[in-house]
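Participant: Sequence first, then the predicted structure, then my questions.
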Amino acid sequence: MPEISRYCIPYTPFTGKLESSRVGIVSTAGVHLRSQPPFVLEGDTTFRLIPADATTDLTTVTHDHYDHTDARRDVNCVFPVETLRELVAAGKLGSTTPEHLCMGYSQAMREIKEKVACEIALITRKWKSDAILLTAG
Amino acid sequence: MEGIPTVLITVDPEQSWQARPSRAFYPRGFKLGHSLGQPGARDLHQRLVIDALDLLIHPEEPGTIAEQEYPEYSPLDKSS
């Protein structure tokens, strides 16, 4: 893959309508299922796949760089997995991706750029998503 | 090269700007841990997601961080 200038803003145009679009979430908020291994608080470049039918009760947050008290009470504060389903039910979005993706805290930017981002791109492409919503904490 | 359109919701626009997101949305005054608002604010969460995704339909100049006020945001709301 050719090197992109650090001054470049990668931009993919959107065509279509939200009402017929499939939308997924990619986040660094540290959200994962309670049944999944927690993130390493000091730094972690792994990610967790969150099923699209996940609920607050099934999720938790492992992240030491923001106050996630409220996100543990309502995951949608930082990771709108239930919100997307509500918007689909209301006819405002077409569908959600079958799963979403979340990372925890990391400062390993080179590893993320050269390895993890490529892995995430492959996964999001399999989702056949029309758009991805990015959130942090 | 083929990509996927993205929209970032950020509560730290200064830091996010350095990452040069293609589309970014800042709900003004929202605190860390409340990217979409306080817990239980279902209508606010929905509205904010749609407002952010609207940048796909009505894009600003790449690199711009769109801002919007939400008077219904209540950072200290601890109701469930």
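Facilitator: That came through, no problem. Residues are numbered from 1 along each chain as shown, chains lettered A, B, ... in the order given.

Participant: which residue is nearest the middle of the chain?
Facilitator: Using chain A here. With distances taken as Cα atoms, centre = their mean, A:Val26 lies nearest the centre of chain A, 1.8 Å away.

Participant: I was thinking of chain B, sorry if that wasn't clear
Facilitator: B:Ile9 (3.2 Å).

Participant: Checking my notes, the residue nearest to the centre of chain A in a helix, right?
Facilitator: No. Checked against DSSP: H, G, I helix; E, B strand; the rest coil, A:Val26 lies outside a helix; its state is strand.

Participant: one step back: report the contact partners of the residue nearest to the centre of chain B.
Facilitator: Under the criterion of Cβ atoms under 8 Å, 6 or more residues apart in numbering or on different chains, the neighbours of B:Ile9 are A:133-135, B:24-27, B:35-36, B:48-49, B:52. Any C-beta I mention is one placed from the backbone N, CA and C, and that applies to glycine too.

Participant: same check, this time on B:Phe30
Facilitator: With Cβ under 8 Å, 6+ apart, B:Phe30 has these contacts: B:11, B:37, B:70, B:73, B:75.

Participant: Of these - the most surrounded one?
Facilitator: Among these, the one with the most neighbours (other Cβ atoms under 10 Å in any protein chain shown) is B:Gly37, at 28 neighbours.

Participant: for the chain, which spans come out with low pLDDT?
Facilitator: No chain specified, so I'll use chain A. Chain A contains residues with pLDDT under 70 at A:1-4, A:6.

Participant: Sorry, I should have been clearer: chain B.
Facilitator: Using pLDDT under 70, the flagged stretches of chain B are B:1, B:77-80.

Participant: now the helices for it?
Facilitator: Using DSSP state H, the helices of chain B run over B:13-18, B:42-57.

Participant: Mean neighbour count, those: which tops it?
Facilitator: Burial of the helices of chain B is given as mean neighbour count (mean count of other Cβ atoms under 10 Å in any protein chain shown); helix B:42-57 ranks first at a mean of 20.
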